[in-house]
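Q: starting from these lines, generate the structure:
(one chain, ligands or ions: 1)
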Amino acid sequence: SEARQRQAEAILRESEEKYRTKTDIEQLEQLEQQKNVFLGVVSHELKTPVTSAQAFSEVLEQRFRRAGDEKNAVLLGKIRVQMNKLTLLIRDLLDLSRFDAGKLQFHEESFPFDALVDDIIEEVQSTTTTHHIQGEGETSATIFGDREHIGQVLTNLLTNAVKYSPDATKVIVTISHTQHEVMLCVQDFGIGIARDRLPHVFERFFRETGAQEETFPGLGLGLYIAAEFIRQQCGTIWATSDKGSGSTFCFRLPLQRARSDHP
Ligand code: ADP
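A: Numbers count the residues shown, from 1 in each chain. This is a model prediction of the structure:
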């Protein structure tokens with residue numbers, strides 16, 4: 001009976017251990033949830049003032065330019081570019097918290113793909129004086145999906161292409177379509193990505209670390225979000241690269257699909 005008693009004690013200890021682990025996990029889950037709520041609230045609170053400051057700096061820039069005050073227009077242009085970076089960062093953070101809270105909303109519609117691409121190229125072009133973003137190829141395809149999310153994917157790819165090619169002057173965007181899908185590629189002539197790191201670029205928080213951290217600041221969210229959006233729009237996204245000579249990021253999206261196609 002002494003053996004049985006020892007066995008009972010062991011079982012009791014084990015179940016106590018299990019119980020403790022469970023509450024630890026529960027606590028972690030609660031912390032995780034609090035972190036997400038915090039992230040959501042903070043990025044939302046940041047968004048409003050930054051958006052309006054950005055709008056004001058744009059208006060002022062135009063005023064100075066119209067008045068022929070190029071010197072001040074250039075200064076305000078620099079403010080606009082920095083505000084734009086901040087806006088994109090906040091957008092990525094907000095999306096991250098929405099992913100985690102399962103609160104991401106879709107607004108799906110039919111729209112011409114090339115018009116969206118032109119809009120985004122123009123937008124990103126207005127934030128760089130060092131690079132020329134060159135549009136190539138054409139498509140008259142209409143796609144059905146979330147215009148804003150797809151635009152955001154392109155914005156993220158383009159801002160990366162500019163950011164990770166500091167010595168280059170050109171970024172090429174190529175669009176094409178087949179009977180069932182559109183394809184878009186963003187090619188840059190920058191630092192590239194080592195072959196063994198390439199499979200990881202779409203992971204959350206993935207960043208090339210080390211000495212480059214200061215030259216290329218970022219959160220490691222842009223490509224993760226891009227991949228999530230493309231996946232949710234039933235498309236595919238991939239990258240090819242040669243370290244030192246540049247990268248190409250491409251995605252494919254179906255032209256039309258049923259509304260219930262969501263994963
Ligand atoms: P971030 O740019 O904020 O670090 P991303 O998710 O956009 O986050 O990119 C993840 C990582 O992938 C980057 O840190 C960088 O190392 C690499 N990367 C992304 N785009 C390019 C590119 N066009 N050229 C070279 N490396 C890139």
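
Q: so what's the residue count around the residue in the chain positioned nearest to the ligand?
A: Nearest residue of the chain to the ligand: residue 218, at 2.2 Å (C-beta to the nearest ligand atom). Glycine gets a C-beta too; all of them are placed from N, C-alpha and C. Here the number of neighbours of residue 218 (other C-beta atoms under 10 Å) works out to 16.

Q: for it, what are its contacts?
A: 163, 207 (C-beta atoms under 8 Å, 6 or more residues apart in numbering).

Q: for the nearest residue to residue 105 once chain neighbours are set aside, give me its contacts.
A: Nearest residue to residue 105 in three dimensions, chain neighbours excluded: residue 98, at 7.8 Å (C-beta to C-beta, 6 or more residues apart in numbering). With contact set as C-beta under 8 Å, 6+ apart, residue 98 has these partners: 40, 104, 105.

Q: pLDDT value on residue 214, please?
A: Turning to residue 214, the model gives it a pLDDT of 73.

Q: what of the one 10 residues further on?
A: Each residue has a pLDDT score; the one for residue 224 is 95.

Q: mind checking the SS state of the nearest residue to it once chain neighbours are set aside?
A: If the residues on either side of it in the chain are set aside, residue 224 comes closest to residue 204, at 4.4 Å by C-beta to C-beta, 6+ apart. Assigned with DSSP: H, G, I helix; E, B strand; the rest coil, residue 204 falls in the coil class.

Q: so residue 204 makes contact with residue 223?
A: No. Residue 204 is beyond contact range of residue 223, at 9.2 Å (criterion: C-beta atoms under 8 Å).
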